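J.: Below are the sequence and a predicted model; questions follow.
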Amino acid sequence: MPTTRDYKDIYALFAAARTEKEVQMLFDDIFTPQEIDSLVERWNIVQELQSGTAQRTIAQKLGVSISKITRGSRVLQHGSGGFAYFLKKLKK
């Protein structure tokens, strides 16, 4: 079972990536292609929600279920604020 220190180590690992190329290298080694696709899908959902796109429109546009979109909406509204922070930081 991972410890608090283990989590801090993995956060530090990701924080050490300074360029898109470094992040890509890290992602390619840590995640499967399907896991990366899931991350991309979630980020796309969150961006669409933030821009005010209706959930049914997002579902059709991205080919995802309403439940995935609802999950993303819930995280935007009640999560840690990470998505909102990075949407603003990246001007999305």
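T.: Looks like it arrived, so ask away.
J.: Kindly list the longest helix within the protein.
T.: Of all the segments assigned as helix in the chain under DSSP state H, the longest by residue count is helix 33-50.
J.: quick one: residue 1 from residue 7, how far?
T.: With distances taken as C-beta to C-beta, to the nearest Å, residue 1 is found 11 Å from residue 7. C-beta: built from backbone N, CA, C; applies to glycine.
J.: now residue 87
T.: Residue 87 is 24 Å from residue 7, where distance means C-beta to C-beta.
J.: Those two - which one has more neighbours?
T.: Comparing residue 87 with residue 7 by other C-beta atoms under 10 Å, the one with more neighbours is residue 87, at 17 against 10.
J.: Next, work out how far apart the residue nearest in space to the middle of the chain and residue 80 are.
T.: The residue lying closest to the centre of the chain (C-alpha atoms, centre = their mean) is residue 43, at 4.3 Å. From residue 43 over to residue 80 the distance is 15 Å, taken as C-beta to C-beta.
J.: With residue 17 instead?
T.: Plainly put, residue 17 is 20 Å away from residue 80 if you go by C-beta to C-beta.
J.: What is whichever strand or helix holds residue 88 packed up against?
T.: Using DSSP states H and E, residue 88 maps to helix 82-89. The helices and strands touching helix 82-89, judged by 3 or more C-beta pairs under 8 Å, 6 or more residues apart in numbering; DSSP states H and E, are helix 33-50, helix 66-78.
J.: Relative to residue 56, which of those is closest?
T.: Residue 56 lies closest, by C-beta to C-beta, to one member of these: helix 66-78, at 7.2 Å.
J.: that older thread, and for the helix holding residue 88, what are the contacting residues?
T.: Under the contact criterion C-beta atoms under 8 Å, 6 or more residues apart in numbering, helix 82-89 has outside partners 46, 47, 50, 75, 76, 92.
J.: okay, who's weakest in those residues by pLDDT?
T.: Looking at these by pLDDT, the weakest one is residue 92, with 84.
J.: Right, I'll call it a day here.
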